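**Student:** give me coordinates for this.
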Amino acid sequence: MRRIGRERRITLKPGTAFILTLLVAAPSIQTTHAGELAYGVGYYVESSDNIRRTPTNTVDDVTNSVFAGFTYLENGPVLDAHLTALAEYRDYKYDTYNDGPLYYADASLLWRIAPQRLSWVLVDRYDQITRDTSLPDTRDNQVDANVLSTGPDIYVRLGQVNTLALELRYGKATYGQGYGEADNSSYGGSLRWLYAANSEMTYSLNYQASQIYYDDEILNDNYSRQDFFVRAETHQARSRFLLDLGITKIDREKAGETNGPVARLTWSQQLTSESSASILLAGEYLDTGTDLLSTATSTTPVPGAPPPSNANGGITTDLYYQKRAELFYGLSGGYLGLNLRAFYRDIDYESVPQDRLESGEMLDVTYNTSSALATTIYGRHMDVHYQNVVRDDWENEAGIRFLYRLNRNVSATLDVWRSWRYSTDPLQEYTDNQVLLALLYSSSPLFAPTRRTR
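**Tutor:** Presented below is the predicted three-dimensional model:
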């Protein structure tokens, strides 16, 4: 008997082969290197009473998902590595959105082929990013994206304190779900003159150049980019300070030249054994791929540095100049944990009318009642002022999470939260109440996946 029903197809997204290769290779990684490997599987069910996040005619749905993944860490004399890969299959009970797979990858590798002379670097990020930042964060407003950057670093020692560094890079950015016209390749490199003032302080002169070619050169504008800047950087056991000052010059084949200052200040401090703080100030040109790649986890975490932020811009082939300020404070004690982040962003696009000002704060407070039970109360708030249209949004989220550890490997989570938006445009307002129940097996706390996207 032939069964007639809805046909379900699994289509491989950009970068999927890379992620699936990591997942398949995970069991053999620990046998070939001396790093730490953790893996896990899980299931969650989530209920939403307004899954499309509309102001009226709300639709509820129940989402069932299964996932598997791993995390691998190594910090050795030859290899520094941070690899996290996650594959999920999602099923919407009432078919509000299409069922199918989702992938996540965060990979950073530093291979010292010849220590202090030749290294190879690879950074890869695969995630779902916002299609249109003016619309609610729903599944149909997200696009799969994969960004890769790789190449060699060559060092020439010129005496005790001077070093000439040459970095060559190839990059590839690919996007799914009808956004293939944004796919592009980049070729570039950097030339740096580093002066080590002492064991903790380094000054450098830096020149970076890259050429970006779009797969669809008719719809898009290829461009070249040059960055000139000076850098002062300190590395201490409990802190890091970095300051970049310079200029960026961009030459687009059709739209002509544009330029602007580049300024970056980062300060991270491990305050105590349980607390840390950081400050970030920046003004620089970005694009969708560069923004996503900047969220990759470093192979050598900086003391006191916060977890990477999410990508800020929507998917676009346009360049944008972003002024950014961010403060972070984290506390991880025996009974109490706290993460506080406040931010401000001024995003100015070159061509598309999506300029906006964003500011907000995020707070998570966790109380470990016992070794088996933890309760987290969290809240998010963001103000958005659109500069090309008359519109202001106030986005909010508040919830409570209960985590129960059945044993050292198995845990269950109950999450209840509300997301809502007020807006000067009534058509953009919504309220969404959600409940999530999850069950996770993890070989160690190193692998602790969180919900990546709706």
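**Student:** go ahead and confirm residue 403 touches residue 411.
**Tutor:** Yes: using CB atoms under 8 Å, residue 403 is in contact with residue 411, at 6.1 Å. C-betas here are computed from N, CA, C, even on glycine.
**Student:** what's the strand or helix carrying residue 365 in contact with?
**Tutor:** Using DSSP states H and E, residue 365 maps to strand 356-368. The contact list for strand 356-368 (CB atoms under 8 Å, 6 or more residues apart in numbering) reads 133, 312, 334-347, 374-387, 395.
**Student:** wait, is residue 221 part of a strand?
**Tutor:** No: applying DSSP: H, G, I helix; E, B strand; the rest coil, one finds residue 221 to be coil, outside a strand.
**Student:** the residue most central in space within the chain in helix, strand or coil?
**Tutor:** The centre of the chain sits closest to residue 295, judged by CA atoms, centre = their mean, with a distance of 3.4 Å. Under three-state DSSP, the three-state class of residue 295 is coil.
**Student:** need phi/psi at it.
**Tutor:** Backbone geometry at residue 295, expressed as degrees, to the nearest 10, gives phi -90, psi 0.
**Student:** could you find the closest non-adjacent residue to it?
**Tutor:** Among residues not flanking residue 295 along the chain, residue 308 sits closest, at 4.4 Å (CB to CB, 6 or more residues apart in numbering).
**Student:** next: residue 162.
**Tutor:** What sits nearest to residue 162 in space, not counting adjacent residues and going by CB to CB, 6+ apart, is residue 195, at 5.8 Å.
**Student:** list the beta-bridge partners for that neighbour.
**Tutor:** Counting by DSSP bridges, residue 195 is bridged to residue 162, residue 203.
**Student:** can you pull the contacts of it?
**Tutor:** So residue 195 contacts 161-162, 202-204 (CB under 8 Å, 6+ apart).
**Student:** which one of the residues you listed is nearest residue 427?
**Tutor:** Proximity of the contacts of residue 195 to residue 427 was ranked by CB to CB; the top entry is residue 204 with 50.6 Å.
**Student:** any idea how far that closest one lies from residue 263?
**Tutor:** 16 Å (CB to CB, to the nearest Å).
**Student:** try residue 401
**Tutor:** According to CB to CB, residue 401 and residue 263 sit 38 Å apart.
**Student:** check residue 85 too.
**Tutor:** 35 Å.
**Student:** more neighbours: these two, which one.
**Tutor:** Ranked by neighbour count (other CB atoms under 10 Å), residue 85 and residue 263 place residue 85 first, with 26 against 16.
**Student:** give me the sheet partners of the longest strand belonging to the chain and which way each runs.
**Tutor:** Ranked by residue count and defined by DSSP state E, the top strand of the chain is strand 142-158. Strand 142-158 sits in its sheet next to strand 118-130 (antiparallel), strand 162-175 (antiparallel), going by DSSP bridges.
**Student:** mind listing the helices for the stretch 251-400 of the chain?
**Tutor:** 288-293 (DSSP state H, counting those that start in this stretch).
**Student:** which stretches of it form strands?
**Tutor:** All strands of the stretch 251-400 of the chain, identified by DSSP state E, counting those that start in this stretch, fall at 256-270, 275-286, 320-332, 336-349, 356-368, 373-386, 391-405.
**Student:** other residues contacting the first one?
**Tutor:** What it means is strand 256-270. Residues contacting strand 256-270 (CB under 8 Å, 6+ apart): 227, 229, 238-252, 276-285, 302-306, 319, 321, 350.
**Student:** buried among the residues you listed? Make that a PyMOL selection.
**Tutor:** The PyMOL selection below is limited to those of the contacts of strand 256-270 classed as buried (16 or more other CB atoms under 10 Å):
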select buried, resi 227+229+239+240+241+242+243+244+246+248+250+252+276+277+278+280+281+282+283+284+285+302+303+304+305+306+319+321
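**Student:** show me the shaky parts of the protein.
**Tutor:** For the chain, applying pLDDT under 70 flags the ranges 1-34, 303-305, 307, 311, 313, 450-454.
**Student:** run a quick neighbour tally on residue 97.
**Tutor:** Residues within reach of residue 97, counting by other CB under 10 Å, total 17.
**Student:** return the residues in contact with it.
**Tutor:** 51, 139-140.
**Student:** residue 393 too?
**Tutor:** Contacts of residue 393 (CB under 8 Å, 6+ apart): 382-384, 386, 421-424, 428.
**Student:** quick one: strands adjacent to the helix or strand hosting residue 234?
**Tutor:** Assigned by DSSP H and E, residue 234 belongs to strand 223-235. According to DSSP bridges, strand 223-235 forms sheet pairs with strand 201-214 (antiparallel), strand 239-252 (antiparallel).
**Student:** residue 76: which of the ones you listed is closest?
**Tutor:** strand 239-252 (21.2 Å).
**Student:** now do that closest one and strand 275-286, the angle between them.
**Tutor:** Per axes from the mean of the first three to the mean of the last three CA atoms, to 10 degrees, the angle that strand 239-252 makes with strand 275-286 is 10 degrees.
**Student:** what are the contacting residues of strand 239-252?
**Tutor:** Residues outside strand 239-252 that contact it (CB under 8 Å, 6+ apart) are 206, 221-234, 257-270, 284-285, 302-305, 319.
**Student:** which residues does stretch 223-234 contact?
**Tutor:** Around stretch 223-234, the neighbours that count as contacts under CB under 8 Å, 6+ apart are 188, 200-212, 240-253, 262, 285, 319.
**Student:** what is the neighbour count of residue 121?
**Tutor:** Residue 121 has 18 neighbours, counted by other CB under 10 Å.
**Student:** equivalent analysis for residue 128, please.
**Tutor:** 22.
**Student:** these two touch, right, it and residue 141?
**Tutor:** No: counting by CB under 8 Å, residue 128 does not reach residue 141; the two are 9.7 Å apart.
**Student:** nearest to residue 89 among the strands of the stretch 251-400 of the chain would be which one?
**Tutor:** With CB to CB, the closest approach to residue 89 among the strands of the stretch 251-400 of the chain belongs to strand 391-405: 23.3 Å.
**Student:** and the closest one, which strands flank it?
**Tutor:** Pairing partners of strand 391-405, with direction, according to DSSP bridges: strand 373-386 (antiparallel), strand 410-423 (antiparallel).
**Student:** what residues of the last one count as buried?
**Tutor:** Of the residues in strand 410-423, 411, 413, 415, 417, 419-421, 423 count as buried by neighbour count, 16+ other CB under 10 Å.
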